[in-house]
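A.B. asks: model the structure of this input:
(2 chains)
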Amino acid sequence: MPRGRPPHNRNARPGRGGNNRRRRNDIDADGSGIMLPQQVSDILTRKPVGTHIEISGWIRTRRDSGGVSFLELSDGSCLDSLQVVADNGLDNYDREIRKITTGTAVQVVGLLVDSPAKGQEVEVRAERITVIGWSDAETYPLQKKRHGFEFLRSIPHLRPRTNALAAVARIRSRLDYAIRNFFRERGFFLVHTPIITTSDCEGAGEMFTVTALPPEQIKGPGSFADDFFGRRAGLTVSGQLQAEIYALALGRVYTFGPTFRAENSNTSRHLAEFWMLEPEISFCDLACAMSVAEELIRELVRTVLRDCAKEVNLFNRFVDSKLLGRLESITGEPFARLAYGEAVDLLARSGRDFEFPVRWGVDLQAEHERYLCEEVVAGPVIVHDYPKGIKPFYMRLNDDGQTVAAMDILVPGIGELVGGSQREERYDLLARRMDEAGLDEAEYGWYLDLRRYGTVPHSGFGLGFERLVQLVTGMHNIREAIPFPRTPGSAPC
RNA sequence: UCCCGGGUAGCUCAGCUGGUAGAGCAGGUGGCUGUUAACCACCCUGUCGGGGGUUCGAGUCCCUCCCCGGGAGCCA
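C.D. replies: Below is the predicted model of the structure:
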């Protein structure tokens, strides 16, 4: 027990008249009887000055001034906190209020008034402050000062209590909702493709194996015949193949969920577990897919600028001072488009001394991609029609016989945000490319069936959700774009 | 996995060509003031990432392992 610290009381509860009694500030806008407590976001939006409010949250800082204490109360509902003014007339002022430190959970009842001081428009003149849960300042890792993101990563259970990580979480949630809304409004259906799968998606990286076998029974690929699924299963690396099945039944679909890559990649833009959005659209060629992806990104950025302005400003101030300008430019001009061949010419003629020389037929290196989107256009670029040799079997062969109908969207600071293609819908051509790729035709019989029965042109793409979160927050490391980052050697909680 | 750069107080970091560890912030105590990165005074804080070696002596030099960051590859 720390010296001079009030005893922890796990049973401390805000005073309530009874279990089912409605409190005066509960929101019941739709008359449904829902009894959720009031939130700071609502109070700061409506500013019901002159009314009594009841608000619960966590104290960020306490400042004492003679017989008055100022508490900053945050409940996570928005970036701003609510200033609570407590004077020494309160009965627990010396006993408890003066001992409140960062992280303490409290419930406050008081009168909302115009604030006489600069820094906030309104404040609560407290009539009662109840400590719900103490936080020992000597051991609580979060202080009322800025912390490095690396340090915060070491306390994943506490980091969402910081302004920055909470802001990321709110933006992430808003983006998720905006994505679902975007597609719903355009006649798409969400398809839940499987997490556990037995089909690999070529070019998508290494799969984690899912097995019910005891470790000592795994002795090479043959072991999986006795396994739970009777064959080797793994965590999905892409929902595309299954999304195609539903696109050829429902027309427009998308899948959005966790995706896994067992790559030993240690970079600021890779995760072993990440969320990927994968629309798949029937009767849609590459140009169609590009237009969907472009409008989607534009719409999502617009939404964040409109609905998360406070958060974006925070990041613009403390994380990346060019963020706002970049986001506004994304919502403005159309994305630049470059055929792979044009991109190669452009890079070759740039006079730049690249570490890896550019040559038609080899994939663009990170330095090339960065030069294109960060220096040539200074904005998003769609590179399309790549050589077939560097792309997976399912991408549609162009008439030139050399390139496939593929596209990548590159954005400054992040690199590849989107990768997509028109899928090969012609049975013979697909079968030949699968053969060339050394794929077992029996294994992918169902995929060929989609071309055997009522085949149609269709396209789709994958968008890395965390990279999108990075784009709109300016976060430099993808580990700050997901609540619980999974990377090689790290999955703490 | 490869190439760089790091690991020193709770946090952010300083510590020269080896001489026995410091600052700011946080925390504690007291003071003061409608405060807001509050202020003032005093106080506390260390397996210097682990192990091994060189040396009279290692935070500092060497070896090795672990971890982290940046870049590369792979991709979203």
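A.B. asks: tell me where the model's unsure across chain A.
C.D. replies: By pLDDT under 70, the low-scoring segments of chain A are A:1-31, A:201-204.
A.B. asks: I'd assumed A:Val383 was in contact with A:Glu416.
C.D. replies: No - between A:Glu416 and A:Val383 there is no contact under Cβ atoms under 8 Å: 9.4 Å. Glycine gets a C-beta too; all of them are placed from N, C-alpha and C.
A.B. asks: more crowded one of those two?
C.D. replies: It is A:Val383, of A:Glu416 and A:Val383, that has more neighbours when counted by other Cβ atoms under 10 Å, with 24 against 19.
A.B. asks: beta-bridge partners for the more buried one, please?
C.D. replies: As for beta bridges, A:Val383 partners with A:Leu338, A:Asp408 under DSSP bridges.
A.B. asks: sorry, back to before: residues that sit against both of A:Glu416 and A:Val383, list them.
C.D. replies: Residues touching both A:Glu416 and A:Val383 (Cβ atoms under 8 Å, 6 or more residues apart in numbering) are A:369, A:408, A:410.
A.B. asks: need those residues in CSV with distance to A:Asp285 and neighbour count, can you?
C.D. replies: Compiled in CSV, those are given as follows (distance: Cβ to Cβ, whole Å; neighbours: other Cβ atoms under 10 Å):
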residue, distance to A:Asp285, neighbour count
A:Glu369, 24, 22
A:Asp408, 17, 20
A:Leu410, 21, 28
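A.B. asks: of the residues you listed, which are in range of RNA strand B?
C.D. replies: The subset of the shared contacts of A:Glu416 and A:Val383 within reach of RNA strand B, by Cβ under 7 Å from any atom of the strand, is A:Glu369.
A.B. asks: residue at max distance from the center of chain A?
C.D. replies: Centroid-distance maximum for chain A: A:Gly89 at 46.2 Å, with Cα atoms, centre = their mean.
A.B. asks: so how far is A:Arg125 from that residue?
C.D. replies: Relative to A:Arg125, A:Gly89 is positioned 11 Å away (Cβ to Cβ, to the nearest Å).
A.B. asks: then A:Ala178?
C.D. replies: Counting by Cβ to Cβ, the gap from A:Ala178 to A:Arg125 is 38 Å.
A.B. asks: give me the more crowded residue out of those two.
C.D. replies: Counted by other Cβ under 10 Å, A:Ala178 and A:Arg125 do not tie: A:Ala178 has more neighbours, with 18 against 15.
A.B. asks: name the helix or strand for that one, please.
C.D. replies: For A:Ala178, the host element (DSSP states H and E) is helix A:163-184.
A.B. asks: ok, residues contacting the helix or strand following that helix?
C.D. replies: Using DSSP H and E, the helix or strand that follows helix A:163-184 in sequence is strand A:189-190. By Cβ under 8 Å, 6+ apart, the residues outside strand A:189-190 that reach it are A:180, A:183, A:246, A:250, A:252-256.
A.B. asks: what sits against A:His270?
C.D. replies: A:261, A:263, A:478, A:487.
A.B. asks: pull out the buried residues from stretch A:131-144.
C.D. replies: Going by neighbour count (16 or more other Cβ atoms under 10 Å), the buried part of stretch A:131-144 is A:131, A:134-135, A:137, A:142.
A.B. asks: same list (those residues) but as CSV, adding secondary structure and distance to RNA strand B.
C.D. replies: Listed next are those as CSV, based on DSSP: H, G, I helix; E, B strand; the rest coil; distance: Cβ to the nearest atom of the strand, whole Å:
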residue, secondary structure, distance to RNA strand B
A:Val131, strand, 14
A:Trp134, coil, 11
A:Ser135, coil, 10
A:Ala137, coil, 4
A:Leu142, coil, 9
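A.B. asks: ok so, going back, sitting in helices, which of the contacts of strand A:189-190 do you find?
C.D. replies: A:180, A:183, A:246, A:250 (DSSP state H).
A.B. asks: hmm, stretch A:253-269 touching RNA strand B?
C.D. replies: Yes - using Cβ under 7 Å from any atom of the strand, stretch A:253-269 comes into contact with RNA strand B via A:261, A:263-269.
A.B. asks: helices along the stretch 1-150 of chain A, start to end?
C.D. replies: Taking DSSP state H, counting those that start in this stretch, the helices of the stretch 1-150 of chain A run over residues A:40-46, A:149-153.
A.B. asks: any chance of these in CSV, plus distance to RNA strand B and mean neighbour count?
C.D. replies: Listed next are the helices of the stretch 1-150 of chain A as CSV, based on distance: least, Cβ to the nearest atom of the strand, whole Å; neighbours: other Cβ atoms under 10 Å:
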stretch, distance to RNA strand B, mean neighbour count
helix A:40-46, 14, 17
helix A:149-153, 3, 15
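A.B. asks: need these in JSON lines with distance to A:Val301, can you?
C.D. replies: Output for these, formatted as JSON lines (distance: least, Cβ to Cβ, whole Å):
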{"stretch": "helix A:40-46", "distance to A:Val301": "22"}
{"stretch": "helix A:149-153", "distance to A:Val301": "23"}
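A.B. asks: residues of the stretch 51-200 of chain A that sit close to RNA strand B?
C.D. replies: With Cβ under 7 Å from any atom of the strand as the criterion, the stretch 51-200 of chain A meets RNA strand B at residues A:61, A:63-66, A:68, A:70, A:83, A:85, A:101-102, A:115-120, A:123, A:125, A:137-138, A:141, A:143-145, A:147-148, A:150-151, A:153.
A.B. asks: inside strands: which ones of the residues you listed?
C.D. replies: Per DSSP state E, strands hold the following members of those: A:61, A:63-65, A:68, A:70, A:83, A:85, A:123, A:125.
A.B. asks: SS state for A:Ala405?
C.D. replies: strand (DSSP: H, G, I helix; E, B strand; the rest coil).
A.B. asks: let me see the contact set for it.
C.D. replies: A:285-286, A:384-385, A:395-398, A:421-422, A:459 are the contacts of A:Ala405 under Cβ under 8 Å, 6+ apart.
A.B. asks: over to A:Asp64?
C.D. replies: Going by Cβ under 8 Å, 6+ apart, A:Asp64 touches A:70, A:98.
A.B. asks: for it, give its distance to A:Leu111.
C.D. replies: Using Cβ to Cβ, A:Asp64 is found at 21 Å from A:Leu111.
A.B. asks: could you pull out the buried residues of stretch A:57-77?
C.D. replies: For stretch A:57-77, burial by neighbour count (16+ other Cβ under 10 Å) applies to A:57-62, A:69-77.
A.B. asks: what about the helices in the stretch 251-400 of chain A?
C.D. replies: Going by DSSP H, counting those that start in this stretch, the stretch 251-400 of chain A shows helices at A:286-307, A:309-318, A:323-332, A:340-348, A:366-370.
A.B. asks: now the angle between helix A:323-332 and the first one, please.
C.D. replies: Think helix A:286-307. Angle of helix A:286-307 versus helix A:323-332, following axes from the mean of the first three to the mean of the last three Cα atoms, to 10 degrees, is 140 degrees.
A.B. asks: other residues contacting helix A:286-307?
C.D. replies: By Cβ under 8 Å, 6+ apart, the list of residues contacting helix A:286-307 from outside reads A:171, A:174-175, A:178-179, A:182, A:279, A:281, A:284, A:311-312, A:327-328, A:330-331, A:334-335, A:337, A:380, A:382, A:384-385, A:396, A:405-407, A:409, A:417-418, A:420-422, A:459-461, A:463, A:468, A:471-472.
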